[in-house]
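Visitor: With the input below, show me the fold.
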Amino acid sequence: MDPALLRQREEFKARALAQPVIEKRKYPDERSHQASDTSGNLKKKPKRLQKPTNSISNNSRSSSGTVSKFGYIAQIVNFMKSRHQDDDQFPLTIDEILEECKLDEVITTSQKSWLVNEALPNNPKLQVVDNEMQERKYAFKPKYAIRDRKGLYKLLDRFEQRGLGGMMVEDVEESLPNAKKCIKTLLNNNKVIVVTRLDKKQVLFYNDRSCEFSVDEEFQQLWRGINIESIEEGKIEEYLNSQGITSVQDTRQVTKPVKSRKRANRRRKFKAHNDHLSGVLEDYSEMGGSRK
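Guide: Numbering: from 1, shown residues only. Sure, this is the predicted structure:
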């Protein structure tokens, strides 16, 4: 045989042995499935052992289910709030709410029962509208019951008269549809005042025009030109009295707490018996209790 061919054959075998070969491992069930007995019948597959369920995974599922329930109620409240701010204030049934929120195919029967019986009726941002002839409905419950710009202005006037101060702008925006437009209109008409607090939150106040009055510019300059920070109140009062100006005195009277008086011990009166024999009976107490 040609020695060159033999040499090529040996080199081919060496290269084949140098290359690693990965063989597919056969599992016991596959080997048993392929093996057969002498009669030609296939052997039955051995049953696989089921892995025990992990308790941690079950707890995680239950906790995620609890979180999803509160996620549903948050989604529903935000949806009802957005409807109210868009001036869609008519109530909806639970089925209509779930359909609008796209939860009708996700929520379970137990979660829906929890929403109807516990979550929605007890939520402070929702109100229940019961009707004997129809199904129970739900609507958004704002902080202030106002529908338009006039209602907001009247409510601010009522706050001013009762000394309640102002209203938070965020509460007004939550309660009133198109609140920003209404507030801007009132500001342009000089009917309200907006004050920004230190925490960057804005407060809306009623602008009482009856308290507005004009002061002469000369008097304002005199008022701003006098520095009284380093002067004591006593010296200010002496100066006003020397100029013939009466200073305002603190006329408040401190009322002392009234002590509760103790009731005087009165002699107890007893009911007299035998009044019909008052002229017949005689008193012998002065004679020592014996009759002589």
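Visitor: Let me see the ranges of the helices in this structure.
Guide: Assigned by DSSP state H, the helices in the chain fall at 3-18, 28-34, 55-85, 94-100, 109-114, 120-122, 149-161, 169-175, 179-188, 217-225, 233-242.
Visitor: surely V129 meets K141?
Guide: No - between V129 and K141 there is no contact under C-beta atoms under 8 Å: 10.6 Å. (C-beta placed from N, C-alpha, C; glycine too.)
Visitor: the more surrounded of these two?
Guide: K141 (17 against 13; other C-beta atoms under 10 Å).
Visitor: Without its sequence neighbours, what residue ends up closest to that one?
Guide: In space, and not counting its chain neighbours, K141 is closest to Q127: 4.2 Å by C-beta to C-beta, 6 or more residues apart in numbering.
Visitor: who's in contact with the one you found?
Guide: Listed by C-beta atoms under 8 Å, 6 or more residues apart in numbering, the contact set of Q127 reads 138-141.
Visitor: For it, list each beta-bridge partner.
Guide: Beta-bridge partners recorded for Q127 (DSSP bridges): A139.
Visitor: So it versus I146, what's the distance?
Guide: 15 Å (C-beta to C-beta, to the nearest Å).
Visitor: what's the answer for Y239, then?
Guide: In this structure, Y239 and I146 are 52 Å apart, going by C-beta to C-beta.
Visitor: Neighbour count for those two, which is higher?
Guide: Between Y239 and I146, I146 has the larger neighbour count (other C-beta under 10 Å), namely 21 against 13.
Visitor: Return the backbone torsion pair for the more buried one.
Guide: phi -130, psi 140 (degrees, to the nearest 10).
Visitor: contacting residues for K143?
Guide: Applying C-beta under 8 Å, 6+ apart, the residues near K143 are 171, 174-175.
Visitor: Mind pulling the model confidence for P177?
Guide: P177 is assigned 86 on the pLDDT scale.
Visitor: How many neighbouring residues does it have?
Guide: A count of nearby residues for P177, using other C-beta under 10 Å, gives 18.
Visitor: same question, V192
Guide: For V192, using other C-beta under 10 Å, the count is 20.
Visitor: does it have beta-bridge partners, and which?
Guide: With DSSP bridges as the rule, V192 is bridged to Y206.
Visitor: list the contacts for it?
Guide: 153, 156, 183, 186, 204-207.
Visitor: hmm, try it at 7 Å
Guide: Taking C-beta atoms under 7 Å, 6 or more residues apart in numbering, we find V192 in contact with 156, 186, 204-207.
Visitor: go on, D208?
Guide: D208 makes contact with E160, according to C-beta under 7 Å, 6+ apart.
Visitor: Point out where this structure drops to low pLDDT.
Guide: Across the chain, the ranges flagged by pLDDT under 70 are 1, 20-67, 132-133, 247-281, 283, 285-292.
Visitor: how's it carved up into domains?
Guide: 64-140, 149-211 (automatic domain parsing).
Visitor: Dump those to CSV, plus distance to R224.
Guide: As requested, those are exported to CSV (distance: least, C-beta to C-beta, whole Å):
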stretch, distance to R224
domain 64-140, 46
domain 149-211, 21
